[in-house]
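**Q** Output the structure for:
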Amino acid sequence: MSETPAPPIIYVDADACPVKDEIYRVALRCMLPVFVVANSFMRVQQHPLIKINVVDAGPDVADDWIAERAIAGDIVVTNDIPLAARCLESKAEVLAPSGKPFTTASIGAALAQRELMEHLRSFGEGQGGPKPFSPQDRSRFLSALDAAVTRARRIKR
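**A** Numbers count the residues shown, from 1 in each chain. Alright, predicted model coming up:
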């Protein structure tokens, strides 16, 4: 008799994540556990599959918690490019809240662009923030998350 494989887990880098409600909706429909990871308490939807994990304050503490646990077949939602790179090394699926997937082919360019933008900001350049989140962004994210769940379910854990 074969064991039922463990379901994919969705890890959410929750600080400033604009798509938590969408993640909960997909996770509950697909019966997948969700770990919402943040440096301070935040309300999450009350359901046994959804858990909040408040980590100590400090640089990269939430990122470390996620990166230490995400494995092949899991899904990580983050805007943090270094965290995305770490999770890709573990073969996890990684999505930005915009729905853009981070891949092993694209992460090098994303890291280089991040470094360039940090360099420009140090000289007072590039001070614009992200554009407002739109309904199209939410729709794109939902489609990308559904596709990631389908791929993740095919991976033996």
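**Q** now the closest residue in space to residue 16 that isn't next to it in sequence, what's its secondary structure?
**A** Of all residues not flanking residue 16 in the chain, residue 79 sits nearest, at 7.1 Å (Cβ to Cβ, 6 or more residues apart in numbering). For glycine as for every other residue, the C-beta is placed from the backbone atoms N, C-alpha and C. Of the three states, residue 79 takes coil according to DSSP: H, G, I helix; E, B strand; the rest coil.
**Q** got it, and residue 94?
**A** Classification of residue 94 using three-state DSSP returns strand.
**Q** for it, which residues make a bridge with it?
**A** In this structure, residue 94 bridges to residue 76, residue 102 when assessed by DSSP bridges.
**Q** Assess the claim that residue 51 and residue 38 are in contact.
**A** No: using Cβ atoms under 8 Å, residue 51 makes no contact with residue 38, being 11.6 Å away.
**Q** Mind checking which of the two has more residues around it?
**A** residue 38 (19 against 12; other Cβ atoms under 10 Å).
**Q** could you list every residue that touches the residue nearest to residue 16?
**A** 13, 16-17, 96-97 (Cβ atoms under 8 Å, 6 or more residues apart in numbering).
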